[in-house]
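Enquirer: how would this look folded up:
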Amino acid sequence: MLRGDIGHACRRGRRTALITGANSGALRLFCAQHVLDEVLEHSEAWASALKVPHDMYLARWADEYLPLIRTIQKDGLPYGLLGPSELDRIRLMGNSKDVPSIALSLALGAFYLTEDRAARNAVYGVDVDLEERQRWLRVLMDGGDADELSKVLYMAFAVPTLAVGGAHRDLRGNVTAASLLVSIISCGLA
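Expert: A predicted model of the protein is given here:
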């Protein structure tokens, strides 16, 4: 899924909601090291398949995605946090390259993005509804929705900050005009 999100961002010329959400702190991106290795290993073929210049693909990866991804090395995977049924589902994957990502998703209780049906089944225990998954992916990959997410985050954080700043400015103006006692009471009430 990361491959397609990077390509989508390149074609649209702007960040996707996935990266906007991660930049704002609303989302946290985690990857097992093998995923990052795969991006570099296959980037030329993926960029070609997605019809975007390879240098643009790598630049977007390095500048926008890589700094936001928390990478977990294979020896740092938290298998001890997994329950017996989760460990059984991982064992069924055998030597699949996706095992580290599956273990990470299960340990974190995180949303797992993959095209691999067997890996999805291992994470969720059953196959997830593909229609529902596609709706989520359209939102995550749509650059236009990144603009909407930015507006929501702005309203959630900037408006209260401005309100507090305005109240502080008004209060400060009142402090110079009022006595010290009235100022202390006003500060306490504020």
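Enquirer: pLDDT at Leu50, what is it?
Expert: Looking at Leu50, its pLDDT is 93.
Enquirer: what's the nearest residue to it if we skip its chain neighbours?
Expert: Distances taken as C-beta to C-beta, 6 or more residues apart in numbering put Gly7 closest to Leu50, at 3.4 Å, once the chain neighbours are dropped. C-betas here are computed from N, CA, C, even on glycine.
Enquirer: helix, strand, or coil at the one you found?
Expert: helix (DSSP: H, G, I helix; E, B strand; the rest coil).
Enquirer: so His34 lies in a helix, does it not?
Expert: Yes. Assessed with three-state DSSP, His34 lies in a helix.
Enquirer: what's around it, how many residues?
Expert: 15 (other C-beta atoms under 10 Å).
Enquirer: show me the contacts for it.
Expert: The contact partners of His34, by C-beta atoms under 8 Å, 6 or more residues apart in numbering, come to 74, 97, 100-101.
Enquirer: coming back round to it: isn't the residue nearest to Leu50 up against Tyr57?
Expert: Yes. Gly7 is within contact range of Tyr57, at 6.8 Å (criterion: C-beta atoms under 8 Å).
Enquirer: which neighbours do those two share?
Expert: By C-beta under 8 Å, 6+ apart, the residues touching both Gly7 and Tyr57 are 46-47, 50.
Enquirer: ok, now which ones touch Leu27?
Expert: Leu27 sits in contact with 18, 21, where contact means C-beta under 8 Å, 6+ apart.
Enquirer: does it belong to a helix, a strand or coil?
Expert: Secondary structure assignment for Leu27 (three-state DSSP): coil.
Enquirer: contacting residues for Thr114?
Expert: Taking C-beta under 8 Å, 6+ apart as the test, what Thr114 contacts is 1, 98, 101, 120.
Enquirer: hang on, the earlier thing: which one (most neighbours) among the shared contacts of Gly7 and Tyr57?
Expert: Busiest of these [other C-beta under 10 Å] is Ala47, holding 22 neighbours.
Enquirer: list just the nearest of the contacts of His34 to Leu108.
Expert: Ser101 (10.7 Å; C-beta to C-beta).
Enquirer: after the helix or strand where that closest one lies comes which helix or strand?
Expert: For Ser101, the host element (DSSP states H and E) is helix 99-108. Helices and strands here follow DSSP H and E; after helix 99-108, the next one along the chain is helix 117-124.
Enquirer: restricting to C-alpha, output that next one in CSV.
Expert: What follows is helix 117-124, C-alpha atoms only, in CSV (Å, rounded to 0.1, in the frame of the first residue of the first chain):
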residue,chain,number,x,y,z
ARG,A,117,-5.0,-11.4,1.6
ALA,A,118,-3.2,-14.0,3.7
ALA,A,119,-1.4,-11.2,5.7
ARG,A,120,-4.7,-9.4,6.3
ASN,A,121,-6.3,-12.6,7.5
ALA,A,122,-3.4,-13.2,9.8
VAL,A,123,-3.8,-9.8,11.4
TYR,A,124,-7.6,-9.7,11.6
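Enquirer: thanks a lot, catch you later.
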